[in-house]
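Undergrad: My questions concern the predicted model and sequence given below.
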Amino acid sequence: MVTTLAFGMLSLALFLAFIRLARGPSLPDRVVALDLIATLAVGWIGVYAVATDKPVFLDVALVLALIAFLGTIGFAYFVAKGAIPWRQT
């Protein structure tokens, strides 16, 4: 019952975050939406691990959270520079 409600709320939040990712309107909005999608995916995996009583999925959620954090740092660096940082002009 509780896990079904959690899955439904997380799925709705994923759908709304995907709409924000697709519509924008600016690059920082899309970066925040992508980070939110990754965080919601971690939550979804966590609820799934609890629902199926398989704690190995918590390791998957932890790895996804770490990768999402590194991606967010990379996107923030890109937005702060305003251009492709590795291109020499």
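TA: Yes, it's here.

Undergrad: Now Phe57: which helix or strand?
TA: Secondary structure from DSSP states H and E places Phe57 in helix 56-81.

Undergrad: same deal with Ala49?
TA: Using DSSP H and E, the element containing Ala49 is helix 27-52.

Undergrad: Give the buried residues for that helix.
TA: 30-49 (16 or more other Cβ atoms under 10 Å). All C-beta spots, glycine's among them, are computed from the backbone N, C-alpha and C.

Undergrad: returning to that earlier point: what's the angle between the helix holding Phe57 and helix 27-52?
TA: 180 degrees (axes from the mean of the first three to the mean of the last three Cα atoms, to 10 degrees).

Undergrad: where does this structure have low pLDDT?
TA: Applying pLDDT under 70 to the chain picks out residues 83-89.

Undergrad: For the residue nearest the centre of it, which residues are in contact?
TA: Nearest to the mean C-alpha position of the chain, by Cα atoms, centre = their mean, lies Ala38 at 1.3 Å. Taking Cβ atoms under 8 Å, 6 or more residues apart in numbering, we find Ala38 in contact with Leu64, Ala65, Ile67, Ala68, Gly71, Thr72.

Undergrad: Buried ones only from these, please, as a PyMOL command.
TA: Applying 16+ other Cβ under 10 Å to the contacts of Ala38 leaves a buried subset, and the PyMOL line that selects it is:
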select buried, resi 64+65+68+72
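
Undergrad: Tabulate the contacts of Ala38 (TSV), appending distance to Ala80.
TA: Output for those, formatted as TSV (distance: Cβ to Cβ, whole Å):
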residue	distance to Ala80
Leu64	24
Ala65	22
Ile67	20
Ala68	18
Gly71	15
Thr72	12
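
Undergrad: of the contacts of Ala38, closest to Pro25?
TA: Nearest to Pro25 among the contacts of Ala38 is Thr72, at 19.6 Å by Cβ to Cβ.
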